[in-house]
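Asks: fold the following, please.
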Amino acid sequence: MSRPPNYEFQEWWNKQRAKDTADDQSLPSSAAEDFRFLTVDIQTPASPSAAAAAAEKDRSRSARQLSWIYLLKLHQIAHSFAFLTNGFITLVRTANRRIATAPAAHRSESKFYKIIKFFLVLSVFLLLFELVAYFKGWHFSPPSLESEVEDSVEYVYAKWLKIRADYLAPMLQSLTSVCVVLFMIQSADRFFLVLGCFYIKIRGLKPLAETDYSGDDEKESVNVESYPMVLVQIPMCNEREVYQQSIGAVCVQDWPRERMLVQVLDDSDDTDVQNLIKAEVQKWQQRGVHIIYRHRLIRTGYKAGNLRSAMSCNYVKNYEFVAIFDADFQPGPDFLKNTIPYFKGKDDLALVQTRWSFVNKEENLLTRLQNINLAFHFEVEQQVNGWFINFFGFNGTAGVWRIKALEDCGGWLDRTTVEDMDIAVRAHLCGWKFIYLNDVKCLCELPESYEAYKKQQHRWHSGPMQLFRLCFWDVLQSKVSFFKKVNLIFLFFLLRKLILPFYSFTLFCIILPLTMFLPEAELPAWVVCYIPGLVSILNILPSPQSFPFIVPYLLFENTMSVTKFNAMISGLFQLGSSYEWIVTKKLGRSSEADLVSIVENESTLLHRSSSDSELAELNKLEMTKKAGKKKRNRLYRKELALAFILLTASVRSLMSAQGVHFYFLLFQGITFLVVGLDLIGEQVS
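Replies: Numbers count the residues shown, from 1 in each chain. Coordinates of the predicted model:
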């Protein structure tokens, strides 16, 4: 039984305590500190119920505060979940719109796509397996093979660790080492090309011409006989959008009329387009321009067959040089005066190639990225090879050939889809020389849609491998120097046409994701990030205004590696797709207003006159343009499959806390996804 509290003693004690406190306050501070240890503070609640109420009040206050904290965290989680859900829904809607509007025709799956799909299934399975191991803690304490139950998940994971460490990782590491060596060799090639370009710029090296026709305009009497006979060819096929600009730009060349003949080589199978081009040719004929229209009934050999057919005409023997322009090219009025003089006094000179300039390089992101690539090609590759090696690949247009050189090396052949590179290699093996003019530019148009660009790149990367198979023994047996043979085989074909797409696709799209699931095989961070960044800086130097796009350029080049690799393989092994020759789609972005002003200002031209039939054809053109076929969206399956492979690998990389690899895989996967959904380039409805 508990003893009852003594309230009288408690009252006396409180009075005594109050008195002591008053005495302490009256003492000095030092004395108060000396006597403070005698003071005992005893507080007793008035009753047990009061103490319980105070404690309950404190507990209720803490619970309320915790509730607000949990509500705040829940709100943050809900906000993040809503953001991710909204992004996922947007992506699904975009994909659904692409699928709904994509062409319904069934496309058979290629072997290459089946291989990529296999890697996708494998990566998803491995990710699920690693997630199970991660949540069970096996990443921190790997299980051993001494498990009691051999069929358990723990035993299977331990067996997988042994297999990947003893068998899979060494093979992957060997392939990685080979690709890294190829990567470094190709990077060194880029570095030396840039050094050569700097040397040319610093020394001010330029080809010299012995003749100059630019001052003839100021002379009262000009000796027309001093101008060589020039044949100008415009090969085209169903070029509804750009035929007027190209024909008009060629017909206003500042060259004596009697010393120039224009051939419009039309391979169109559309009757309306044929009639339009004929009307345009007749219009310029009425103005006194020597221009003829040629149309083949049987379109064999594509562009090469078209050019070969035109060169077989009897009147060609009267001409010394031939200038070639594709249908979307607009040479300046002084193009011939800036190129023909370089042939004077150089009887061994076969080709004068000029630089391309793009009227739509800032149209969208795709054209900006293409401009970076082509600026490096012309400013660095063509200029350095032309100056130091005296050989480069003919670009197929915006160049002037000596007709004797074409005949000497066998003329145009349609054995590959890169007839321009073919004839350049054969002319080089016959001992002819080339000149590249970086200061002479010819306007043209870049493909604005990913579909057109993809088809163009496929032809440009499958054709060189076809040509390599055909001319390999010819190079070895030719009479050119050993250095030129090494340059052709190793640098021109193997390093820049075969090794570049091989290591780019294999290293960044296959090996890098696999190293996330086989961490025993290591891919260093400098291979993933630093060296590619340095190479991208080298590539972008010729177009410094494009520096803000250096990261998209790096990611997009890796994305295009799947197309280039597929094209390289199809050309090397002569698969069916390597023989496809598809005309790159143009939109007619060329400056028509500038062309019209040039035509109107030419004093030598007759007044514009068109027959009623010509006006009817032109009106028909406008109506056809407005009622053109609706463009459709597309889905690119290879790019989408690789996107999910890279994103799956990025999740696995996040589990291993690999920073550089994770960010690279994440952004590269997003880039593949954007391209696969056709969200880059020209936006179509």
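
Asks: surely residue 320 meets residue 403?
Replies: Yes: counting by CB atoms under 8 Å, residue 403 is a contact partner of residue 320 at 6.2 Å. For every residue, glycine as well, the C-beta is placed using N, CA and C.

Asks: the more surrounded of these two?
Replies: Using other CB atoms under 10 Å, the more surrounded residue of residue 320 and residue 403 is residue 403, with 20 against 15.

Asks: return the residues in contact with that one.
Replies: 231, 311, 316, 319, 320, 321, 322 (CB atoms under 8 Å, 6 or more residues apart in numbering).

Asks: generate a ChimeraX selection restricted to the buried subset of those.
Replies: The buried residues among the contacts of residue 403 can be selected in ChimeraX (16 or more other CB atoms under 10 Å) with this line:
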select :231,311,316,319,321,322
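
Asks: cross the contacts of residue 403 against strands and list the overlap.
Replies: Using DSSP state E to define strands, the subset of the contacts of residue 403 located there is 231, 321, 322.

Asks: and the residue nearest to the second one when sequence neighbours are not counted, how far from residue 438?
Replies: What that stands for is residue 321. Counting by CB to CB, 6 or more residues apart in numbering, the nearest residue to residue 321 once its immediate chain neighbours are dropped is residue 230, at 5.0 Å. The gap separating residue 230 from residue 438 is 22 Å, by CB to CB, to the nearest Å.

Asks: kindly report the same for residue 543.
Replies: 13 Å.

Asks: longest single strand anywhere in the chain?
Replies: Longest strand in the chain, counting by DSSP E: strand 433-444.

Asks: any regions of the stretch 551-685 of the chain where pLDDT drops low?
Replies: 577-581, 585-633, 657-658, 682-685 (pLDDT under 70).

Asks: show the subsequent helix or strand relative to the helix or strand containing residue 500.
Replies: For residue 500, the element it lies in under DSSP states H and E is helix 500-505. Once helix 500-505 ends, the next helix or strand along the chain (criterion: DSSP H and E) is helix 512-517.

Asks: what mean pLDDT does the helix or strand following that following helix have?
Replies: Sequence-wise, the next helix or strand downstream of helix 512-517 (DSSP H and E) is helix 525. The average pLDDT for helix 525 rounds to 87.

Asks: which positions in the helix or strand just after helix 525 come out as buried?
Replies: Per DSSP H and E, the first helix or strand lying C-terminal to helix 525 is helix 531-540. For helix 531-540, a neighbour-count test (16+ other CB under 10 Å) marks 531, 532, 535, 536, 538, 539, 540 as buried.

Asks: thought the first one was touching residue 183?
Replies: Looking back up the chat, that one is residue 531. Yes: assessed by CB under 8 Å, residue 531 is found in contact with residue 183 at 7.0 Å.

Asks: and of the contacts of residue 403, the nearest to residue 343?
Replies: residue 321 (6.7 Å; CB to CB).

Asks: for that closest one, give the beta-bridge partners.
Replies: residue 230, residue 402 (DSSP bridges).

Asks: ok, it - contacts?
Replies: 228, 229, 230, 231, 340, 343, 400, 401, 402, 403.

Asks: can you put those in a markdown table and add pLDDT?
Replies: As requested, those are exported to a markdown table (pLDDT from 0 to 100):
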| residue | pLDDT |
| --- | --- |
| 228 | 94 |
| 229 | 95 |
| 230 | 96 |
| 231 | 97 |
| 340 | 95 |
| 343 | 95 |
| 400 | 97 |
| 401 | 97 |
| 402 | 96 |
| 403 | 96 |
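
Asks: and the residues you listed as TSV, adding distance to residue 522?
Replies: Output for the contacts of residue 321, formatted as TSV (distance: CB to CB, whole Å):
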residue	distance to residue 522
228	63
229	65
230	60
231	60
340	58
343	56
400	53
401	52
402	55
403	58
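
Asks: nearest to residue 153, of these?
Replies: Once CB to CB is applied, the member of the contacts of residue 321 that ends up nearest residue 153 is residue 401, at 69.7 Å.
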